[in-house]
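Undergrad: how would this look folded up:
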Amino acid sequence: MVEVNAATDADFPFCWRLYRDFMQLPVKSGSGESDRQFKERFKKTFLCNHALVLLIDGKRAGWLELEEDDAAIHMHQLHLVAAYRGRGIGSNIIDQISVIAADKSKLIRLEVLKKNTGALRLYKRLGFRIVRADIQKYFMSTSKPD
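TA: Have a look, this model is predicted:
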């Protein structure tokens, strides 16, 4: 059973490490931004972007960010600790979001890095379709609820 809680300042180090490791952020990014600068920029947006921490048996298993507008629920992030990947947790979370979106007659929209082929396969299997792309990401959406 996955428990979902609003993130707090105490969750920031955990979420930052997961994000940084997944993104494979170098000490100095291509833009010349240092790790410290990138971390500070990330911290400024972290709690205001509706971060939620995923707990399994009381342990932090991952985190996600959701934002809602009149038309859609936007999933900006979904990161799981490596030990929890491939166990259906991501599918379960997205299924729960899908129920909420359907009840509100809203789409679910998300972005996925092109290099994240596992997540891309998952999203396609769960009914998301690519609506556009840029050099790094696919922008995906569910179909309009009936």
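Undergrad: going forward, measure contacts and count neighbours with C-alpha atoms only.
TA: Noted.
Undergrad: Would you indicate which residues of the helix-or-strand element of the chain with minimal mean pLDDT are buried?
TA: Within the chain, no helix or strand scores below helix 35-46, which has a mean of 76 by mean pLDDT, DSSP states H and E. Neighbour-count burial for helix 35-46, counted by 16 or more other Cα atoms under 10 Å, picks out 38, 43, 46.
Undergrad: okay if I get the residues you listed as JSON lines plus distance to Val53?
TA: Shown next, in JSON lines, are the buried residues of helix 35-46 (distance: Cα to Cα, whole Å):
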{"residue": "Phe38", "distance to Val53": "21"}
{"residue": "Lys43", "distance to Val53": "15"}
{"residue": "Phe46", "distance to Val53": "12"}
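Undergrad: what's the closest of these to Lys59?
TA: Distance to Lys59, by Cα to Cα, is smallest for Phe46 among those, at 20.1 Å.
Undergrad: how far away is the closest one from Ala71?
TA: For Phe46, the distance to Ala71 equals 23 Å [Cα to Cα, to the nearest Å].
Undergrad: Could you do Val2 as well?
TA: 27 Å.
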